[in-house]
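Asks: could you look at this predicted model? Sequence included:
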Amino acid sequence: MQNVIATVAPVFGLIALGFFLARFAILSENAGKGLADFVFTVAVPALLFRMMSTTDAGAATPFALWGAYYGASAATWLLASLGTWILLKRSPLDRAAISMGASFGNIVMLGIPLALDRFGAEAAIPMTLILSISSPILWFAATLQAEIASKHGELALGRLLRDLFVSLARNPIILALFAGLAWGQTGLGLHPIPDKMISLLGQAAVPGALVALGLSLNGFEIKGQLPTVALICILSLVVFPSIAWVLAFHVFHLPPLWAGVVVLFAACPPGANAFLFATRYQAAVGSVSAAVALGTTLSILSVSLILWLLEHS
């Protein structure tokens, strides 16, 4: 348990620091947005580029890893849609937003720091394989469901595929992953000066992401329909990692480190992407906002339990 506390306390301590900096107006909303932009477009891409350019992927294949993580994500998505329809009696458009909230964890701002702290640099390969398709595939699935719901079957699939390609081409994290992989394959290595610069930027990624997450939480309110918020939190914090555990350890028989990354990523609470999607379609906005705030708070307990189970598995 001491190891779990040593991992969890600094991570959530920095999140709390960011929250209080925003709550007491020590840092402005613009400062929070600027830090988040820096983290997503510069610091995290630098961290991932260096990891991929200096890590030997060997014969690593992503299919079992993707099967475990995205199989659990798909199952959670289906349960969220069914629960929203049968139990909550909410609209088809709300089903897409609530499914997004339950299945799209905050793996960049919270998952990466936790995985690096728990597993170290050896987590680079499974982390990057999951991250490489996470945002595009889940945004595509949610948009597809929302468009079908809002247009009653009239769907511009070509436009959605084009948007998916544009998202891939513009996403700095995905670009950094593939650029780092390509550079690593050249065998040229990194010159000491740019390597030092990239390394320094990468060192800012973890604390920057955690403080930025805390700053962003000040903008989310715990309001909306309690049953909906409860459904999202239970699915994202309990059901998703439970299914991921079964698939990673007992179905696909992933190596322990890879399986640990899958489960840890699956245990991450809803993130800003889910809220952005809900806002875009004006569907279950209050409930998703509340799930981001409450889920991040409750994840202190759920993540601690996951780490303890991984330590004793």
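Replies: Structure's in. What do you need?
Asks: any idea how far the strand or helix carrying residue 288 is from the middle of the chain?
Replies: Assigning secondary structure by DSSP states H and E places residue 288 in helix 285-311. Chain-centre distance of helix 285-311: 12 Å, with CA atoms, centre = their mean, to the nearest Å.
Asks: ok, now stretch 166-183?
Replies: Averaged over its C-alpha atoms, stretch 166-183 has a centre that lies 17 Å from its chain's centre (CA atoms, centre = their mean).
Asks: pLDDT averaged over that stretch - what is it?
Replies: Here stretch 166-183 scores 80 as its mean pLDDT.
Asks: residue closest to the middle of this protein?
Replies: residue 107 (2.4 Å; CA atoms, centre = their mean).
Asks: for that one, which non-adjacent residue is spatially closest?
Replies: residue 265 (4.8 Å; CB to CB, 6 or more residues apart in numbering). All C-beta spots, glycine's among them, are computed from the backbone N, C-alpha and C.
Asks: how far does stretch 206-215 sit from the chain's center?
Replies: 14 Å.
Asks: quick check: residue 22 vs residue 216, distance?
Replies: Counting by CB to CB, to the nearest Å, the gap from residue 22 to residue 216 is 8 Å.
Asks: likewise residue 12?
Replies: Separation of residue 12 from residue 216 (CB to CB): 15 Å.
Asks: now find how far off-centre the helix or strand harbouring residue 275 is within its chain.
Replies: Element membership of residue 275 [criterion: DSSP H and E] is helix 272-281. Mean-position distance between helix 272-281 and its chain equals 14 Å (CA atoms, centre = their mean).
Asks: which parts of it are buried?
Replies: 272, 273, 274, 275, 277, 278, 281 (16 or more other CB atoms under 10 Å).
Asks: dump the C-alpha coordinates for that helix into CSV.
Replies: Listed next in CSV are the C-alpha coordinates belonging to helix 272-281 (Å, rounded to 0.1, in the frame of the first residue of the first chain):
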residue,chain,number,x,y,z
ALA,A,272,-12.5,17.0,-21.4
ASN,A,273,-13.1,15.3,-24.8
ALA,A,274,-16.3,13.9,-23.5
PHE,A,275,-17.5,17.3,-22.3
LEU,A,276,-16.5,18.9,-25.6
PHE,A,277,-18.5,16.3,-27.5
ALA,A,278,-21.5,16.8,-25.3
THR,A,279,-21.2,20.6,-25.8
ARG,A,280,-20.9,20.2,-29.6
TYR,A,281,-24.2,18.3,-29.8
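Asks: alright, calling it a day.
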